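**Q** model this:
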Amino acid sequence: MTKKPKIIVVMPAHNAAKTLVDSYNRLPKKLIDQIILVDDASTDNTYKVAKELPITVFRNSLNLGYGGNLKVSLSRALEASADIIIEFHPDNQYDPQNLPLFLKKISRGYDLALGSRFIHPKDALDRKMPIHKFIANRGLSYVDNLLLGLELSEFHSGFRLYTRKLLTSIPFYQNSDDYLFSFEIIVQAVFYKFKIAEIQVSCDYHPKMHTANLKNSTIYALGTFKTLTQYVISKFVKKPSGPFSKVSVQQCPLCRRSITRLEYNVRDAVSNNIFSIYYCTPCNIGFTHPKPNGLHTFYPKIYFIFLKTFIYSLLQVRRPKIIKSFLPAGKILDIGCGDGKIGGQLDSNKYFYQCIETPFSDSKSSNVKLVGVEKMNEKPMSYNLVTFWESFEHLKNPLQTLKKVSIYLKKGGILIIECPNYNSWERILFGSSWFHLDPPRHLFHFTPNGLTQIIEDVGFRIIKKRTIYAIEYIPIGLTQSILYRISPKLNIFALKYTHKYKLILPIIIGMLGIILVPISYLFYLCKGSPIQLIVAQKK
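**A** So this is what the prediction gives:
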């Protein structure tokens, strides 16, 4: 470099209040231009302690995990014009005395420098590294070196140097949000042919330091084998995937940040167009890209047919029960209500039931306003309860809609949202074939934590959060995911493109749905249901 490089230390922190000050005091300040700490929604005083130090401090509203927090930390450093970024954990585990050696590697053409506890393996044991961690680390490192053609003594430490060139050249936003990130970024450096150095570092093991438990260690180990498999396929088959696939980073429509990961490319059964599902790490929410104009053209006629509405109305007895459990009597606003059949299951002497639906649904019900959420204009503080039954994921701007709803609700009013659960087992099993992804009709894909956060941001208090078993959705959804994995033409929404199946396909789906009820219910019992329910109260 022709000018002095700007050196920034990033400290990804979680519950590090007891060790943060000691970690900070050990850093050689004369070598460092700026220190950035990102608190990962700690439950202790980490943020308060950090704010008392002469460093730059940020705080995640959600716990993003090790990899997720490191993505935010590295992003903050790049935004601050860092040329060299040092990752240094604030758990007072690593001794930074060899930081000058890290910096010397830059002049020799290296873009990634790894601190190693095993250049002299006996040192790690002398410093009381648990023997089971020593053995596991050495075993994994042997396999990693064999497949990557390296001679590194360690792949798994948390004291590292990255150059700006490296981070702006590799797709690190595609990496995992958990501990696997630390391994993936090394393999990415190998794949994109960056030079890697390692420097001996000392590591002290003490009671206050953070360490992965057996479950997380096992998940991490399995993840490394998955990453190595992706690496081999990407390198030798010439089809980069996962963390080796360079993709355009899209801005999250909610937080406006670009810390997003491409999850899937999905072919829409109605239009035959390809839509992408991105996941925003800071928000814990997925979104569909691009958002189509004229969304009504993507809804098949079957979406609003009488038979579907009739079957749903027979099976939706649970929804009136939920309403009654939170509101014995009062005014209800149902947004995305279809034909408003739920209103017919409520006592008209106790409830006033008003519906909002999109104009192209063509509902003939007298209590349905066909104005859509963009044009709905209700009287402020006039409703006791507002519901979104499988409609919230269709909204173009869920935050703006929630703000409207907050205005319409009386103080202490109830908000009920039922929508697909992006963390469900079905999504993990079926990936891009998961029926409830359903782009472009589903514009957002909510995890329980992500949905909770945006509801609370608007000023609601969560009073109930759980997954549910929706008999009218779940068995059929599981059936459709299986059939979609076989062929996109077997999607019920694709009937107009598959005339030879148009009579038999609904019968097959119905029969398989009945057969799969026990399996889908088992998923629900194991907290892997594809449908979630959140109930909140206006403060």
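**Q** rest of the way, CA atoms for contacts and neighbours
**A** Noted.
**Q** ranges for the helices of the stretch 201-350 of the chain?
**A** With DSSP state H, counting those that start in this stretch as the criterion, the stretch 201-350 of the chain has helices at 214-232, 306-315, 318-326.
**Q** would you format those as a markdown table with distance to residue 254, mean pLDDT and mean neighbour count included?
**A** Output for the helices of the stretch 201-350 of the chain, formatted as a markdown table (distance: least, Cα to Cα, whole Å; pLDDT from 0 to 100; neighbours: other Cα atoms under 10 Å):
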| stretch | distance to residue 254 | mean pLDDT | mean neighbour count |
| --- | --- | --- | --- |
| helix 214-232 | 30 | 85 | 16 |
| helix 306-315 | 32 | 60 | 13 |
| helix 318-326 | 29 | 93 | 14 |
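**Q** how about the ones you listed, which one is nearest residue 440?
**A** helix 306-315 (20.3 Å; Cα to Cα).
**Q** where are the low-confidence patches of this protein?
**A** Where the chain drops to pLDDT under 70, the residues are 1-2, 120-130, 132-133, 137, 205-214, 300-315, 493-503.
**Q** how near is residue 466 to residue 384?
**A** As for residue 466, its distance to residue 384 is 22 Å (criterion: Cα to Cα, to the nearest Å).
**Q** between the two, who's got more neighbours?
**A** Neighbours were counted for residue 466 and for residue 384 using other Cα atoms under 10 Å; residue 384 has more, 23 against 13.
**Q** so what strands line up beside the lengthiest strand in the chain?
**A** Longest strand in the chain by number of residues (criterion: DSSP state E): strand 409-420. Within its sheet, strand 409-420 is paired with strand 383-389 (parallel), strand 531-538 (antiparallel), according to DSSP bridges.
**Q** what packs against whichever helix or strand comes after that strand?
**A** Moving toward the C-terminus from strand 409-420, the next helix or strand (DSSP states H and E) is helix 425-430. The contact analysis (3 or more Cα pairs under 8 Å, 6 or more residues apart in numbering; DSSP states H and E) places helix 425-430 against helix 474-486.
**Q** name the residues of the helix it packs on that come out as buried.
**A** For helix 474-486, a neighbour-count test (16 or more other Cα atoms under 10 Å) marks 474-485 as buried.
**Q** and the contacts of the next helix or strand after that helix?
**A** Next along the chain after helix 474-486, taking DSSP H and E as the criterion, comes helix 504-515. Contact partners of helix 504-515, identified using Cα atoms under 8 Å, 6 or more residues apart in numbering, comprise 475-476, 478-480, 490, 492.
**Q** out of those residues, who's nearest residue 432?
**A** For the contacts of helix 504-515, the nearest to residue 432 is residue 480 (12.2 Å; Cα to Cα).
**Q** picking that back up, extract the C-alpha trace of the longest strand of the chain and format it as CSV.
**A** The C-alpha coordinates for strand 409-420 follow below in CSV (Å, rounded to 0.1, in the frame of the first residue of the first chain):
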residue,chain,number,x,y,z
LEU,A,409,-56.5,-0.4,17.6
LYS,A,410,-57.7,0.9,20.9
LYS,A,411,-55.2,1.0,23.7
GLY,A,412,-54.8,-2.6,25.0
GLY,A,413,-56.2,-3.9,21.7
ILE,A,414,-55.1,-7.3,20.4
LEU,A,415,-53.1,-8.1,17.2
ILE,A,416,-53.1,-11.7,15.9
ILE,A,417,-50.8,-12.9,13.1
GLU,A,418,-50.8,-16.4,11.7
CYS,A,419,-48.3,-17.0,8.9
PRO,A,420,-45.7,-19.6,7.6
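**Q** contacts for it?
**A** Outside strand 409-420, the residues that reach it (Cα under 8 Å, 6+ apart) are 326, 380-393, 436, 445-446, 530-539.
**Q** which of the residues you listed are buried?
**A** Among the contacts of strand 409-420, the ones that count as buried by 16+ other Cα under 10 Å are 382-393, 436, 445-446, 530-538.
**Q** can you report how many residues lie near residue 452?
**A** Neighbours of residue 452 using other Cα under 10 Å come to 19.
**Q** and the protein, what are its domain boundaries?
**A** With domains defined by automatic domain parsing, the chain comprises 7-240, 285-466+531-538.
**Q** how long is the first one end to end?
**A** The straight-line separation of the ends of domain 7-240 (Cα to Cα) is 32 Å.
**Q** quick one, strands of the stretch 1-150 of the chain?
**A** Ranges of strands in the stretch 1-150 of the chain, per DSSP state E, counting those that start in this stretch, are 7-13, 34-39, 56-59, 84-88, 94-95, 112-116.
**Q** distance between the longest one and the chain's centre?
**A** Yep, that's strand 7-13 we're talking about. Centroid separation between strand 7-13 and its chain, computed with Cα atoms, centre = their mean, to the nearest Å, is 23 Å.
**Q** starting at the chain centroid, how far to stretch 233-245?
**A** 23 Å.
**Q** contacts only, for the spatially most central residue of the chain.
**A** By Cα atoms, centre = their mean, the chain has its centre lying nearest to residue 284, at 3.7 Å. Going by Cα under 8 Å, 6+ apart, residue 284 touches 64, 446-447, 449-450.
**Q** if any of these are buried, put those into a PyMOL selection.
**A** In PyMOL, this line selects whichever of these come out buried by 16+ other Cα under 10 Å:
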select buried, resi 64+446+447+450
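**Q** pull the most distant pair out of the contacts of residue 284.
**A** 64 and 446 (14.8 Å).
**Q** thinking again about what came up before, would JSON lines of the helices of the stretch 201-350 of the chain with distance to residue 245 be doable?
**A** Listed next are the helices of the stretch 201-350 of the chain as JSON lines, based on distance: least, Cα to Cα, whole Å:
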{"stretch": "helix 214-232", "distance to residue 245": "10"}
{"stretch": "helix 306-315", "distance to residue 245": "41"}
{"stretch": "helix 318-326", "distance to residue 245": "43"}
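**Q** for residue 252, which of these is the nearest?
**A** For the helices of the stretch 201-350 of the chain, the distance to residue 252 is smallest for helix 214-232, at 25.9 Å, taking Cα to Cα.
**Q** which elements pack onto the closest one?
**A** Packing partners of helix 214-232 (3+ Cα pairs under 8 Å, 6+ apart): helix 131-148, helix 181-191.
**Q** in a markdown table, list those along with mean neighbour count.
**A** Below are these laid out as a markdown table (neighbours: other Cα atoms under 10 Å):
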| stretch | mean neighbour count |
| --- | --- |
| helix 131-148 | 14 |
| helix 181-191 | 21 |
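**Q** export these to a markdown table and append columns for distance to residue 87.
**A** Output for the helices and strands packed on helix 214-232, formatted as a markdown table (distance: least, Cα to Cα, whole Å):
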| stretch | distance to residue 87 |
| --- | --- |
| helix 131-148 | 20 |
| helix 181-191 | 11 |
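**Q** closest one to residue 68 among these?
**A** That would be, of those and by Cα to Cα, helix 181-191, which comes in at 8.4 Å.
**Q** contact partners of the closest one?
**A** 66-67, 112, 148, 155-158, 166, 170, 172, 175-176, 195-196, 224, 227-228, 231, 235, 243-244.
**Q** just checking, residue 340 touches residue 369?
**A** No: the pair residue 340 and residue 369 does not pass the contact test of Cα atoms under 8 Å, sitting 10.1 Å apart.
**Q** between these two, what contacts are shared?
**A** The contact lists of residue 340 and residue 369 share residue 355, where a contact means Cα under 8 Å, 6+ apart.
**Q** neighbour count winner among those two?
**A** residue 340 (24 against 18).
**Q** so what's the more buried one up against?
**A** Residue 340 makes contact with 334, 355, 365, 367-368 under the criterion Cα under 8 Å, 6+ apart.
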